[in-house]
Structures are given as structure tokens and as C-alpha cells.
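Asker: Test case, fold it:
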Amino acid sequence: MAGTGPVVGEDGLARCPWAGGPGVMRDYHDTEWGCRVHGESAYLERLTLEAFQSGLSWSTILNKREAFREVFHGFDADAVAAFGPDDVERLMGDARIVRNRRKVEAAVTNARATVALRADGGLERLVLAHAPQPAPAPHTTADLATTSAESLALSKELKRRGFAHVGPTTMYALMEAIGVFDPHLVGCHRRGLNVR
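Answerer: This next block holds a predicted model:
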């Protein structure tokens, strides 16, 4: 299977094919996807949003992102860890976010696990400890993986640490999103611009 290579937009820039047209997906691709983030709340946000995205389009999550940030208090782990049943019910009634009880409860569980993980260096350190060795740069979508030995190991370790909704595919997507490795196709104008 040949796959699809970068596509050139009306602005003359080549991008990964999922970000070919103007809009929220292109903006995310051009300014954030594959760029390193730093700090506990940034990691908890990405982990939470990747879990909520499971089974949905990423554009749905991006369009609801500001509401997610609001209701989860900027992904402050201490604030979300303190959520109780009333908070879960409040979130289940908020149409601005994805109202999936298991995912909402997982967000609270993961905030509590994030707080507990501080004693062992924190969430950022744990994720980065599972960074893969550099792989050949992908030329087309056929070259892209959806899991790796490292994402499987990260998933297992996070589950061992009490996290939920952190399967190997979701963890691979997390590592792509936060620039643990450069996910952009060769020829994409963002390839090689990974902020470290």
C-alpha cells in the first residue's frame, strides 16, 4: 500500500494529509502537534484529551478544548483530584465537553494518579522515560505506526500506577502529540521543527 504523502495547501505549504485544509486541525498541526510541552498540567491535559478522543475525531476534541480546560481547572492535578461524585455529575451535564462517564471518571482517576506520581519524579519524567529510539522518518501515511513497544510499556506502567484509559494506541498518540518523537511526514513543512 503506497499511502499518502504530504499535501500542499492553498497557502503553498506542504503538510501531513490530515491537516491539508484551513481550520482547527491545520492550526493544531502547524503550531502544536509534535512540539514538546513541559510541566505537569501540560502533560495531564494532553493525556486527558487523548483519552477523551478515543473513538472520536480529533477535531471534536479541539473544538471543545477551551471548555475542557475550564471544567478541569486548567488541568491542575490537585484541583481535579479533589473532584467527587457531584463534580462528575456536573460534568456529565455539560454539553460543551464529551459526556462519557467512564472518560470523565478516568480524568479524575488520572489526576489522582498524577498527584501520587510526584513522589517518583512526576508524569512528565515517566512519559519521557519511555521515549523510543529515533525511527526512520515516515514518507507516507503507510509508514506510520499506531503503537510501539514503548507505547505498550508506557501504557502498562501507567496502568500499574493507577491510571485509566491509557492504552498503547492512546499513549502512542500522546507521544506523537507532545513531540517525544517527530511525527511529521518527510516533506511536511513542520518536519524537523520539533521543539525540544
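Asker: remind me which residues of the protein are low pLDDT?
Answerer: Flagging of the chain using pLDDT under 70 yields the residue ranges 1-2, 194-196.
Asker: Go again with 80.
Answerer: Within the chain, the ranges that satisfy pLDDT under 80 run 1-3, 193-196.
Asker: Let me see the ranges of the strands in it.
Answerer: Taking DSSP state E as the test, the strands found in the chain are 7-8, 14-15.
Asker: what's in contact with the last one?
Answerer: Outside strand 14-15, the residues within contact range by C-beta atoms under 8 Å, 6 or more residues apart in numbering are 6-9, 26, 29-30, 187-190. Every residue, glycine included, has its C-beta placed from N, CA and C.
Asker: follow-up on the earlier one: of the strands of the chain, flag the one that's most buried.
Answerer: strand 14-15 (a mean of 22; mean count of other C-beta atoms under 10 Å).
Asker: Quick check: neighbours of that one in the sheet, parallel or antiparallel?
Answerer: As defined by DSSP bridges, the strand partners of strand 14-15 come to strand 7-8 (antiparallel).
Asker: Please work out which residues outside the strand it pairs with touch it.
Answerer: Contact with strand 7-8 is made by 14-15, 17, 20, as judged by C-beta under 8 Å, 6+ apart.
Asker: about what we covered before: let me have the strands of the chain in TSV, extended by distance to Leu56.
Answerer: Formatted as TSV, the strands of the chain follow (distance: least, C-beta to C-beta, whole Å):
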stretch	distance to Leu56
strand 7-8	23
strand 14-15	22
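Asker: For stretch 183-196, buried residues please.
Answerer: For stretch 183-196, a neighbour-count test (16 or more other C-beta atoms under 10 Å) marks 183-191 as buried.
Asker: possible to save the residues you listed as JSON lines with distance to His73?
Answerer: JSON lines is the format used below for these (distance: C-beta to C-beta, whole Å):
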{"residue": "Pro183", "distance to His73": "29"}
{"residue": "His184", "distance to His73": "32"}
{"residue": "Leu185", "distance to His73": "36"}
{"residue": "Val186", "distance to His73": "40"}
{"residue": "Gly187", "distance to His73": "40"}
{"residue": "Cys188", "distance to His73": "34"}
{"residue": "His189", "distance to His73": "35"}
{"residue": "Arg190", "distance to His73": "31"}
{"residue": "Arg191", "distance to His73": "35"}
